[in-house]
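**Q** Build me a model from this:
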Amino acid sequence: MTFKHILITATALSIGAGAALASDDNYRRSADLPPRAEWMSIADLASRLEAEGYKIREIEVEHGVYDVEMFDDKGYKVEGYFDLVTGERVKYRGYDD
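**A** Alright, predicted model coming up:
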């Protein structure tokens, strides 16, 4: 999967994310989210993570954060959660399948 394909997939996923977030009472309601214009772009987040050595599998908006599935330099599957505006990691879990 190429970076361009990931961006198209991630962008398509993020377009429909507002409706999903609006019904999710376990985290943040869509009204609590910062305006979309303030979000870090998916391309910028992906570029930064790739510069850190990760291979991006998927980026989507879920529960008020960017949810990123990626592989580290050893081939381990890693899922990271990043702030929509700053791109800072807010939660991290790594595992191998």
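**Q** does residue 50 count as helix, strand or coil?
**A** What DSSP: H, G, I helix; E, B strand; the rest coil gives for residue 50 is helix.
**Q** Distance-wise, check it relative to residue 74.
**A** Computed as CB to CB, to the nearest Å, the residue 50 to residue 74 distance reads 16 Å. In short, each C-beta sits where N, CA and C put it, glycine included.
**Q** higher neighbour count, the two?
**A** More crowded of residue 50 and residue 74, by other CB atoms under 10 Å: residue 50, with 14 against 9.
**Q** Next one: the more buried one from residue 56, what distance?
**A** With CB to CB as the criterion, residue 50 and residue 56 are 6 Å apart.
**Q** Equivalent analysis for residue 86, please.
**A** Distance of residue 86 to residue 56, given as CB to CB: 18 Å.
**Q** what's the answer for residue 90, then?
**A** Between residue 90 and residue 56 the computed distance is 18 Å (CB to CB).
**Q** The two: which is more packed in?
**A** Counted by other CB under 10 Å, residue 90 and residue 56 do not tie: residue 56 has more neighbours, with 20 against 14.
**Q** three-state assignment of the more buried one?
**A** Residue 56 - assigned by three-state DSSP - is strand.
**Q** where do the helices sit along this protein?
**A** Secondary structure of the chain (DSSP state H): helices at 3-15, 17-22, 42-51.
**Q** looking at these, which has the lowest confidence?
**A** Note on the helices of the chain: lowest mean pLDDT is at helix 17-22, with a mean of 38.
**Q** Flag the shaky bits of this structure, pLDDT-wise.
**A** With pLDDT under 70 as the threshold, the chain has low-confidence stretches at 1-31, 91-97.
**Q** isn't residue 88 right up against residue 66?
**A** No - using CB atoms under 8 Å, residue 88 makes no contact with residue 66, being 10.4 Å away.
**Q** joint contacts of the two?
**A** Common neighbours of residue 88 and residue 66 (criterion: CB atoms under 8 Å, 6 or more residues apart in numbering): residue 82.
**Q** Neighbour count: the two, which is higher?
**A** Between residue 88 and residue 66, counted using other CB under 10 Å, residue 66 has the larger neighbour count: 25 against 9.
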